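*Asks:* Build the 3D model from these lines:
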Amino acid sequence: MNSIRHSLFLRPVVHRILLGMLAIGHLASPASAQADKVERDLVPDIDVTTPGEGRPILLRWLDTQDAASKIQVTTLTVPTLLENGLALKEDAEAALANTPRPPLERFWTLQGRMRPTGDSSKMLAQWRVLDGAARLYLIDRPGIPEARVEDADQPAPVKSEPETEPTKPDPTDATGSGIKSATAPSSSALERARAFARVQDDAISRCAGAAISQQFSGPGLVPTSIQIRLETASRRNMYETERLTSILRLAEPLIPNQPVGVGATWTSRWTNLEQGTPVETVMTWKLKGVDEAAMEATGIAETAVLSVEYTRRVAEGREEPVTPRMAALLESNGRGEIRIIMRNPLHLDARLIQAPVPREPDRPGATDVTRMRVITTE
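*Replies:* Numbers count the residues shown, from 1 in each chain. Okay, here's the model as predicted:
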């Protein structure tokens with residue numbers, strides 16, 4: 001009996017000690033502190049800021065039980081000095097010598113399908129990355145030189161350099177390549193650009209087989225719920241797949257649960273981890289038009305066209321300062337147009353243009369402009 005009283009007396013004491021240990025561990029872990037800023041699977045709030053004009057139209061996802069699609073995601077990242085491409089056509093060597101990074105096109109193909117979950121009221125969108133590639137813009141088309149690197153975490157050395165230990169890619173490098181613009185001063189700018197493209201092509205091709213899943217709710221695909229599974233896990237493979245998922249988040253609209261007229265605008269914001277850093281995205285969509293049947297008869301949209309503007313910023317409260325490299329990688333402003341089919345939230349059709357945030361003179365940003373396109377092919 002005494003031993004029972006003794007154990008009952010100690011139990012709350014032990015409980016308080018354990019709670020104290022957990023609190024200390026929480027404070028000592030930056031990763032835990034960052035994770036607390038990100039609420040996974042949380043459906044972002046949607047705020048209708050302008051009701052629009054004319055007949056109110058209901059935007060809602062219709063029967064999505066058997067929804068499926070095959071999409072192609074492409075990006076074109078070009079320094080502003082080469083944006084029109086004329087300099088590359090006239091003298092690629094001279095043009096590349098005066099730009100911080102070579103212009104690059106990236107490609108991914110994904111197959112997606114909606115799946116039921118244990119909860120009959122919820123669905124899960126599952127994507128499989130079928131393939132990925134990269135190539136220099138307007139140079140060496142239609143493909144990349146056949147030389148490959150064996151390890152995605154170790155780029156091949158530049159041809160004119162001695163065979164020294166390769167440099168591992170730096171995830172905070174805005175190019176993600178691990179190759180600096182002046183690593184091989186004796187080689188031509190075109191050779192360095194081709195080496196850069198080979199590394200990028202090899203790294204992106206290793207995204208093939210990755211599985212991406214996210215929750216689906218009434219407003220749409222939940223941007224904070226994306227989870228990635230890799231066939232071959234590595235920091236570089238995760239880096240490239242996260243680059244892809246950041247584009248998917250921008251191309252997947254959230255819709256309001258109330259009727260709105262043409263010209264209506266609504267906003268949403270969320271925070272998710274990118275490269276281990278909390279990034280806040282603020283999206284504003286505007287209803288540009290719907291199908292004729294919705295306007296004239298049903299009042300329920302089958303298709304819709306949206307314009308979109310967005311900002312991406314490292315979330316406030318970060319203890320470490322935002323470096324120029326991190327800002328160029330994670331912070332941006334963008335705009336574009338999205339066409340949606342209300343019977344299939346996986347039928348993505350988006351065209352976006354994104355630029356880095358202008359920085360103060362002592363924190364210069366990158367000069368790249370990225371054009372993104374997501375289209376459904378099947």
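*Asks:* Quick check on the residue positioned nearest the centre of the chain: phi, psi?
*Replies:* The residue at the geometric middle of the chain, judged as the C-alpha nearest the mean C-alpha position with C-alpha atoms, centre = their mean, is Ser246 (0.7 Å). Torsion angles at Ser246 (phi, psi; degrees, to the nearest 10) stand at phi -70, psi -30.
*Asks:* From Glu331, how far out is the closest residue to it other than its chain neighbours?
*Replies:* For Ser246, the nearest residue in space outside its immediate sequence neighbours is Glu274; the separation is 6.2 Å by C-beta to C-beta, 6 or more residues apart in numbering. Every C-beta, even on glycine, is put in place using the N, C-alpha and C of the backbone. Summarising the geometry, the distance separating Glu274 from Glu331, computed by C-beta to C-beta, to the nearest Å, is 10 Å.
*Asks:* Thr367 now?
*Replies:* Distance, Thr367 to Glu331, using C-beta to C-beta: 14 Å.
*Asks:* Check Ser234 too.
*Replies:* Note on Ser234: its distance to Glu331, by C-beta to C-beta, is 25 Å.
*Asks:* the more surrounded of these two?
*Replies:* A count of neighbours by other C-beta atoms under 10 Å puts Glu331 above the other of Ser234 and Glu331, at 18 against 14.
*Asks:* hang on, isn't Ile255 packed against Ala264?
*Replies:* No. Ile255 is beyond contact range of Ala264, at 10.6 Å (criterion: C-beta atoms under 8 Å).
*Asks:* Give me the neighbour count for the residue nearest to Ser246.
*Replies:* Around Glu274 there are 20 residues (other C-beta under 10 Å).
*Asks:* wait, isn't it in contact with Met326?
*Replies:* No. Using C-beta under 8 Å, Glu274 is not in contact with Met326, being 10.1 Å away.
*Asks:* Can you pull the residues that touch both of these two?
*Replies:* Here Glu274 and Met326 share no contacting residue, scored by C-beta atoms under 8 Å, 6 or more residues apart in numbering.
*Asks:* Show me what counts as buried in stretch 58-71.
*Replies:* By neighbour count on 16 or more other C-beta atoms under 10 Å, the buried set for stretch 58-71 is Leu58, Leu59, Trp61, Thr64, Ala67, Ala68, Ser69, Lys70, Ile71.
*Asks:* Could you tell me how far that stretch lies from the centre of the chain?
*Replies:* On the basis of C-alpha atoms, centre = their mean, to the nearest Å, the separation between the geometric centre of stretch 58-71 and that of its chain is 21 Å.
*Asks:* Show me the helices in the stretch 51-200 of the chain, by range?
*Replies:* Counting by DSSP state H, counting those that start in this stretch, the segments of the stretch 51-200 of the chain that form helices are 86-90, 92-97, 189-205.
*Asks:* and the first one, how far out from the chain's middle?
*Replies:* Which is helix 86-90. Average the C-alpha atoms of helix 86-90, do the same for its chain, and the two points are 30 Å apart (C-alpha atoms, centre = their mean).
*Asks:* Please save the CA atoms from it in CSV.
*Replies:* The C-alpha coordinates for helix 86-90 follow below in CSV (Å, rounded to 0.1, in the frame of the first residue of the first chain):
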residue,chain,number,x,y,z
LEU,A,86,18.5,37.8,-79.9
ALA,A,87,22.0,38.0,-78.4
LEU,A,88,22.2,34.2,-78.1
LYS,A,89,21.3,33.8,-81.7
GLU,A,90,23.9,36.2,-82.9
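*Asks:* Show me what that helix packs onto, helices and strands only.
*Replies:* For helix 86-90, the contact count by 3 or more C-beta pairs under 8 Å, 6 or more residues apart in numbering; DSSP states H and E identifies helix 92-97 as packing neighbours.
*Asks:* ok so, going back, out of the buried residues of stretch 58-71, show me where the pLDDT dips lowest.
*Replies:* Minimum pLDDT for those is recorded at Thr64 (76).
*Asks:* For Pro223, see how far away that residue is.
*Replies:* Distance, Thr64 to Pro223, using C-beta to C-beta: 17 Å.
*Asks:* Now do the same contact list for the closest residue to Glu302 other than its chain neighbours.
*Replies:* Counting by C-beta to C-beta, 6+ apart, Glu302 lies nearest to Asp291, which is 4.8 Å off, once chain neighbours are set aside. Listed by C-beta under 8 Å, 6+ apart, the contact set of Asp291 reads Ala301, Glu302, Thr303, Ala304.
*Asks:* If we use 10 Å, what do you get?
*Replies:* Applying C-beta atoms under 10 Å, 6 or more residues apart in numbering to Asp291 gives the contacts Ile57, Thr298, Ile300, Ala301, Glu302, Thr303, Ala304, Val305, Ile341, Met342.
*Asks:* Quick check: phi and psi on Arg371?
*Replies:* Per-residue torsions, Arg371: phi -100, psi 130 (degrees, to the nearest 10).
*Asks:* ugh, wrong one, Asn98
*Replies:* Geometry field for Asn98 lists phi and psi as phi -110, psi 10, criterion degrees, to the nearest 10.
*Asks:* So it sits against Thr80, correct?
*Replies:* No. With contact defined as C-beta atoms under 10 Å, Asn98 and Thr80 do not form a contacting pair (12.0 Å).
*Asks:* rewinding a little: ok, what's across the strand from the residue nearest to Ser246?
*Replies:* Each beta-bridge partner of Glu274 is listed here: Thr277, as defined by DSSP bridges.
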